[in-house]
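K.L.:
Attaching a predicted model along with its sequence, questions to come.
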Amino acid sequence: MKIDDKTITCIACPNGCEITVSFDENGNISNISGNKCKNGIAYAQSEVTAPTRILTSSVLVENGDFPLVSVKTASPIPKELMREAVKQLAKCVVKAPVHVGDVVCGNILNTGVDVVSTANVGTK
Amino acid sequence: MENTITQQYIDKDLVIIGGGPAGLAAAAAAKENGIDDIVILERDKYAGGVLRQCIHDGFGLKIFGERLTGPEYAARYEEKIRELNIELKLNSFVLNVTPDKIVQALSPEGMLFYRAKAVILAMGCRERTRASIMLPGTRPAGVYTAGLVQRLINIDGYVPGKEAVILGSGDIGLIMARRLTLEGVNVKAVYELMSYSSGLKRNIVQCLDDYNIPLYLNHTVIEIHGRNRIEGVTVAKVDEKKQPIPGTEEFVKCDLLVLSVGLIPENELSKSAGAALNKVTGGLFVDDNMSTNKEGIFACGNVVHVHDLVDYVTLESVNAGKCAAEYIKNGSANGDIINVVPENGVRYVVPNTVHRDSQKDSVNFMFRTGNVYRDAKIAVYDGDRLIKSIKKKILTPGEMETVKLTADEIKSVKGEIHIGVEA
């Protein structure tokens, strides 16, 4: 069965390109248009097959000059795992000092993706 | 005993007010352009301004070619300030700036009086509140601005409610809808008075659509209920004049109302310095060197106009830092001044004046429209003469637009530069 064209808004950058994805008779992507850069192609492919997102959140810090440190997944994770990943991070506590890029939680939910710190937190 | 206070002035080449992205980038640029004697005054206990609480990503694509979170972007500039050995004074609240560049600050060391050769105003902006939009009803706890909720959750670690309603679909409101949801709050809906969202499209997709949070356009909150804690709001549909339509009222239960109803440049100090403000935006009037109308007082970032993206704040602030350095070394830029006038749907333009013999290769004119326009053109005129016309699929108040004019194009202007929208 022929699948209708899908129009999606690219979230790779603030341009927010409207991208149209067309499919052939076998349901495979036949054309991607409307994107201003190659990031749009990658985003559109993943969005119509297995959507992913970067997760950003925060984690408790022990003995820090801030009570929390902001974190992100080092690369996008499956969209449906976002809530579960936040729950996982709520159980996580790190010790100060923390530096940008430190791994806060390795291989979250077996995605193969590390959660890393995005801020510097000094000791109290 | 004598009762006179002797003021000890601290002489500085450059005093920068505000240690957010604008102040940090301006300081680094001034230092790189030969000015050593600089101090940045920041009222908070950390530098980086609002970036530290903007833990989401999407910053830095233009400046670093990478997708960074707010704290990462801030950390890069903090690092730069450290490397360049620029003095950064935290917990230091500036109380007054005079037209002759005396800056009075309350710091942990007591009251300080700086006598500066140049000042850069980089105070940023603040949020409009419930009072700004005259929201009726009781005055219970649980009514917050979106940026405050963001700070409570991301810096202090408090989630201030369980069931939230968001009024206003600006970017911070959208970002907070997702953040609250991920922290376990039931975000019931986002209501927007206008017929369009002032937030970026990508934020509607990744913050609302991803979590099935409904966005109601042409809707507003008309009453707040609850005595001690907010218990709910009454929302209603509005007509074309933005008046609530009788019969469309609906009660929505919530214990948290988040207001994302706009930002205003924080210009109290600019007023005390005597710098002229734009009545339309509340931002400062500046020329192509980011100089205010007061000699030696420069400005950059959200204190001039509210930006969508920190990358543009940085670019503008680098220009301010460079030009302040040039002023400290060689005095004011002289020569012919051309006025820049917004018209036909363009609400404001920055800069407001430009030097005919600008030392730059080109000047970027940044502006916003007052309405949504589809398949329109941005037209730049010198009197009747069209200098430039750029086709746009869509123009919305939520997205800042830029037109670049080359030095030759600026030189050729006989009257004023007019920037407007054409069908």
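P.N.:
That came through, no problem. Predicted model only: the values in this text are computed from it and were never measured. Numbers count the residues shown, from 1 in each chain, chains lettered A, B, ... in the order given.
K.L.:
Just give me the neighbour total for residue 14.
P.N.:
With no chain named, the answer covers chain A. The tally of other residues near residue A:14 (other CB atoms under 10 Å in any protein chain shown) stands at 18. For glycine as for every other residue, the C-beta is placed from the backbone atoms N, C-alpha and C.
K.L.:
my bad, the chain I had in mind was chain B
P.N.:
Residue B:14 has 29 nearby residues by other CB under 10 Å.
K.L.:
which ones are touching the residue lying closest to residue B:112 once chain neighbours are set aside?
P.N.:
Leaving aside its sequence neighbours, residue B:112 sits nearest to residue B:105 (CB to CB, 6 or more residues apart in numbering or on different chains; 4.9 Å). Residues in contact with residue B:105 (CB atoms under 8 Å, 6 or more residues apart in numbering or on different chains) are B:41, B:89, B:92-95, B:111-112, B:114.
K.L.:
What's opposite residue B:105 in the beta bridge?
P.N.:
residue B:94, residue B:112 (DSSP bridges).
K.L.:
Compare the contacts of residue B:105 and tell me which is most surrounded.
P.N.:
In the contacts of residue B:105, the most neighbours by other CB under 10 Å go to residue B:41, 26 neighbours.
K.L.:
in the sheet, who's paired with that one?
P.N.:
With DSSP bridges as the rule, residue B:41 is bridged to residue B:17, residue B:89.
K.L.:
any idea how far residue B:16 is from it?
P.N.:
Applying CB to CB, to the nearest Å, the value for residue B:41 to residue B:16 is 7 Å.
K.L.:
Kindly report the same for residue B:192.
P.N.:
To residue B:16, residue B:192 is 36 Å away according to CB to CB.
K.L.:
ditto for residue B:53
P.N.:
Taking CB to CB, one finds residue B:53 at 21 Å from residue B:16.
K.L.:
higher neighbour count, those two?
P.N.:
Comparing residue B:53 with residue B:16 by other CB under 10 Å, the one with more neighbours is residue B:16, at 33 against 24.
K.L.:
Residue B:120 is in contact with the more buried one, correct?
P.N.:
Yes - taking contacts as CB atoms under 8 Å, residue B:16 lies within contact range of residue B:120: 4.6 Å.
K.L.:
where do the contact lists of the two overlap?
P.N.:
Counting by CB under 8 Å, 6+ apart, the shared contacts of residue B:16 and residue B:120 are B:23, B:26-27, B:30.
K.L.:
Which of the residues you listed has the largest number of neighbours?
P.N.:
That'd be residue B:26 among the shared contacts of residue B:16 and residue B:120, by other CB under 10 Å, with 35 neighbours.
K.L.:
Wait, that one touches residue B:320, no?
P.N.:
Yes - taking CB under 8 Å as the definition, residue B:26 is a contact partner of residue B:320 at 4.8 Å.
K.L.:
shared neighbours of those two, which are they?
P.N.:
With CB under 8 Å, 6+ apart, residue B:26 and residue B:320 have common neighbours B:120, B:122, B:298, B:300.
K.L.:
and these, which two are the farthest apart?
P.N.:
B:122 and B:298 (8.9 Å; CB to CB).
K.L.:
anything in contact with each of those two?
P.N.:
With CB under 8 Å, 6+ apart as the test, residue B:122 and residue B:298 both reach B:26, B:320.
K.L.:
Give me the number of neighbouring residues for residue 15.
P.N.:
Just going to use chain A. 19.
K.L.:
meant chain B, my bad for not saying
P.N.:
Using other CB under 10 Å, residue B:15 is surrounded by 25 other residues.
K.L.:
Spit out the contact partners of the nearest residue to it once chain neighbours are set aside.
P.N.:
What sits nearest to residue B:15 in space, not counting adjacent residues and going by CB to CB, 6+ apart, is residue B:116, at 4.1 Å. Shown in contact with residue B:116 (CB under 8 Å, 6+ apart): B:11-15, B:101-103, B:296.
K.L.:
pLDDT below threshold where in chain A?
P.N.:
Low-confidence segments of chain A (pLDDT under 70): A:1.
K.L.:
where exactly do the helices run in it?
P.N.:
A:38-49, A:82-90 (DSSP state H).
K.L.:
could you dump these to CSV with mean neighbour count and distance to chain B?
P.N.:
As requested, those are exported to CSV (neighbours: other CB atoms under 10 Å in any protein chain shown; distance: least, CB to the nearest CB, whole Å):
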stretch, mean neighbour count, distance to chain B
helix A:38-49, 17, 9
helix A:82-90, 16, 5
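K.L.:
In contact with residue B:45: list those residues for me.
P.N.:
Taking CB under 8 Å, 6+ apart as the test, what residue B:45 contacts is B:90-91.
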